[in-house]
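Colleague: turn this into a structure:
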Amino acid sequence: MEALPGRPKVLIVDDAPENVQLLTEMLHDDCQTISASNGLQAIKLANTDPAPDLILLDIMMPGMNGYEVCTRLKAEPKTCEIPIIFVTALTDKSEEHKGLELGGADFITRPFNSRLVRTRIRYQLEIKRFRATHDPVPSGKVLPHATIQLELAERRRLNEESSALNQELEAQLTAARADLSQLTRQHQEDQQQIAELSRLCERRKKDLELVHRELESFSYSISHDLRAPLRHLLGFSSALVEDYSTQLDETAQSYLGCITKAGHRLEQQVEALTMLYRIARQPLNPGKVDLSRMAHEIAASLSEQSPDRQVEWVIEERLEEHGDGNLLRVALEHLLSNAFKFSGKLSHARIEVGRGSYQGKDVIFVRDNGAGFDMRYAERLFGAFQRMHKEGEFDGVGIGLTTVQRIVHRLGGEVWAEAAVDGGATFYFTLSASD
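Modeller: Next comes the predicted model:
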């Protein structure tokens with residue numbers, strides 16, 4: 001619909017603000033609008049100068065209804081020529097006839113169709129304009145033939161536009177039904193796939209839980225069943241050294257030393273497996289943990305074990321986290337022991353513990369300037385009994401970092417590392433905020 005020249009003035013009368021706002025927005029491009037929320041206010045605004053060019057009048061209003069307002073306006077010479085379009089949700093034809101008998105020009109019904117509302121308003125405004133420009137008679141009477149011809153032409157155009165609009169709406173409705181049907185079928189298929197994936201995930205979860213229980217049982221059995229023969233092995237080796245070392249030649253003593261060393265190494269591995277089993281099984285006891293104090297205690301213990309080492313400990317103060325204190329101590333002991341061990345060949349080692357940010361995450365880090373490792377093999381770092389250096393170059397059974405990872409995962413966090421060969425290593429870990 002083309003904008004009307006001069007922006008005609010339309011009075012909207014409705015006690016519902018949302019209806020006033022909706023009609024105002026519909027007419028914004030073509031008309032200037034004013035509004036009234038009751039009948040008395042509408043009559044007052046209709047008598048202003050300049051008067052409204054058209055009135056949109058709600059029928060159902062408290063106090064004075066739309067019919068009464070129309071009767072009052074049509075009885076006044078100043079307002080009787082203003083076209084009135086009734087606005088209603090009623091569909092009773094008798095109500096429509098009543099409004100037309102009282103002098104109403106047309107009806108529009110809620111819910112509003114923007115295109116139809118604007119077309120009917122324009123139609124009434126053009127009739128009013130035609131009457132004003134083709135009325136040479138001072139009495140205000142309009143030439144009836146010309147008026148009838150204009151009204152018939154506008155009615156035909158209005159019917160054509162309404163028919164075209166209905167066809168367009170029907171086509172859109174048909175397309176919407178087809179889209180809805182397709183979406184419904186797709187939704188049903190998606191729901192079936194989701195249900196199947198859920199069943200598959202649940203089955204995989206149960207399988208993993210079973211494997212996990214079997215592995216824990218196996219680890220416990222191995223560590224438990226190995227303890228007795230291992231104690232015998234180490235006990236008899238020690239007895240041989242104490243009672244018969246003078247009777248053994250150098251080669252036999254060397255063999256006995258290898259047996260004892262291997263026995264102690266196996267003992268360490270059994271203890272490590274037992275620790276892994278306990279970590280997986282023991283209940284969590286979350287609370288506030290002072291990591292700074294914990295790191296100082298571990299550092300002091302490590303320094304006592306190697307008093308000749310020159311190590312610079314840099315530990316950030318007030319490092320507090322929420323988690324299981326016993327498990328966090330085990331994890332921190334492994335990380336600091338790791339840093340202490342792999343910086344052991346330096347004349348001046350530096351080990352740091354602090355808080356930082358890594359790719360937007362709040363992290364705790366342990367950093368050293370020691371041997372480091374090749375990042376190409378980083379995926380092996382947390383594997384059980386995996387070593388990043390040649391055997392004999394550094395002590396250890398290769399399960400400390402596995403323990404660290406198990407603990408951090410149990411506490412809902414992540415752990416990873418960055419390093420360079422002979423350039424030191426930095427281990428980062430996060431903890432779940434909900435622990």
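
Colleague: name the element L230 belongs to?
Modeller: Taking DSSP states H and E as the criterion, L230 maps to helix 144-244.

Colleague: again, but for I121
Modeller: Going by DSSP H and E, I121 is part of helix 114-133.

Colleague: now that helix: buried residues?
Modeller: 115-125, 127-128, 130-131 (16 or more other C-beta atoms under 10 Å). Quick note: C-beta positions are derived from backbone N, CA and C, even for glycine.

Colleague: show the average pLDDT along it.
Modeller: The pLDDT scores in helix 114-133 average 85.

Colleague: ok, now stretch 324-332?
Modeller: Stretch 324-332 comes out with an average pLDDT of 91.

Colleague: count of residues packed around A228?
Modeller: By other C-beta atoms under 10 Å, 9 other residues sit near A228.

Colleague: ok, now T109?
Modeller: Residues lying near T109 (other C-beta under 10 Å) number 15.

Colleague: that one bridge partners, please.
Modeller: T88 (DSSP bridges).

Colleague: ok, now how distant is it from L169?
Modeller: T109 is 15 Å from L169, where distance means C-beta to C-beta, to the nearest Å.

Colleague: check K288 too.
Modeller: 65 Å.

Colleague: likewise P111?
Modeller: Distance from P111 to L169, by C-beta to C-beta: 13 Å.

Colleague: okay, the two: which has more neighbours?
Modeller: L169 (12 against 6).

Colleague: relative to L116, how far out is the more buried one?
Modeller: 10 Å.

Colleague: what about the closest residue to F342 other than its chain neighbours, neighbour count?
Modeller: Closest residue in space to F342, ignoring its immediate chain neighbours: G370 at 3.9 Å, by C-beta to C-beta, 6 or more residues apart in numbering. Using other C-beta under 10 Å, G370 has 24 neighbouring residues.

Colleague: now do K74
Modeller: With other C-beta under 10 Å as criterion, K74 counts 15.

Colleague: swap in K93?
Modeller: 8.

Colleague: contacting residues around D290?
Modeller: 319-320 (C-beta atoms under 8 Å, 6 or more residues apart in numbering).

Colleague: change it to 10 Å
Modeller: 296, 317-321, 325, 328 (C-beta atoms under 10 Å, 6 or more residues apart in numbering).

Colleague: with V13 instead?
Modeller: Each residue near V13 by C-beta under 10 Å, 6+ apart is listed here: 19-20, 34-39, 41-43, 45-46, 52, 55-59, 61, 66, 69, 84, 87.

Colleague: now swap in D324 and tell me
Modeller: By C-beta under 10 Å, 6+ apart, the neighbours of D324 are 279, 282-287, 289, 330-331, 407, 410-411, 431, 435.

Colleague: any idea which element the nearest residue to it once chain neighbours are set aside lies in?
Modeller: Sequence neighbours aside, L284 is the residue nearest to D324 in space, at 4.9 Å (criterion: C-beta to C-beta, 6+ apart). Using DSSP H and E, L284 is not contained in any helix or strand.

Colleague: over to Q405?
Modeller: Going by DSSP H and E, Q405 is part of helix 400-410.

Colleague: pLDDT (mean, whole number) over that helix?
Modeller: Averaging pLDDT along helix 400-410 gives 89.

Colleague: so what strands line up beside the helix or strand just after it?
Modeller: Next in sequence after helix 400-410, counting helices and strands by DSSP H and E, comes strand 415-419. In the sheet, strand 415-419 lines up against strand 425-429 (antiparallel) (DSSP bridges).

Colleague: which stretches of the stretch 251-400 of the chain have low pLDDT?
Modeller: 268-269, 272-277, 280, 385-397 (pLDDT under 70).

Colleague: follow-up on the earlier one: which strands and helices sit next to the helix holding I121?
Modeller: helix 17-27, strand 54-58, strand 84-88, strand 106-109, helix 144-244 (3 or more C-beta pairs under 10 Å, 6 or more residues apart in numbering; DSSP states H and E).

Colleague: confirm L11 sits in a strand?
Modeller: Yes. Looking at L11 with DSSP: H, G, I helix; E, B strand; the rest coil, it is inside a strand.

Colleague: what does the model give the closest residue to it other than its chain neighbours for pLDDT?
Modeller: In space, L11 comes closest to P52 once its chain neighbours are excluded; the distance is 3.9 Å by C-beta to C-beta, 6+ apart. P52 carries a pLDDT value of 94.

Colleague: likewise the one 5 residues further on?
Modeller: Model confidence at L57, given as pLDDT, is 95.

Colleague: residue contacts, the residue nearest to L11?
Modeller: Residues in contact with P52 (C-beta under 10 Å, 6+ apart) are 8-13, 31-34, 42, 45-46, 79, 82-84.

Colleague: return the most buried member of the helices and strands packed on helix 114-133.
Modeller: A comparison of the helices and strands packed on helix 114-133 by mean neighbour count, using mean count of other C-beta atoms under 10 Å, puts strand 54-58 on top with a mean of 26.

Colleague: so where's the stretch 1-150 of the chain uncertain?
Modeller: For the stretch 1-150 of the chain, residues meeting the criterion pLDDT under 70 lie at 1-5, 90-92, 134-150.

Colleague: restricted to buried residues, select the contacts of D324 in PyMOL.
Modeller: The following PyMOL line selects those of the contacts of D324 that are buried, judged by 16+ other C-beta under 10 Å:
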select buried, resi 279+289+330+331+407+410+411+431+435
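
Colleague: which of the contacts of D324 sits closest to S357?
Modeller: Nearest to S357 among those, counting by C-beta to C-beta, is L431 at 14.6 Å.
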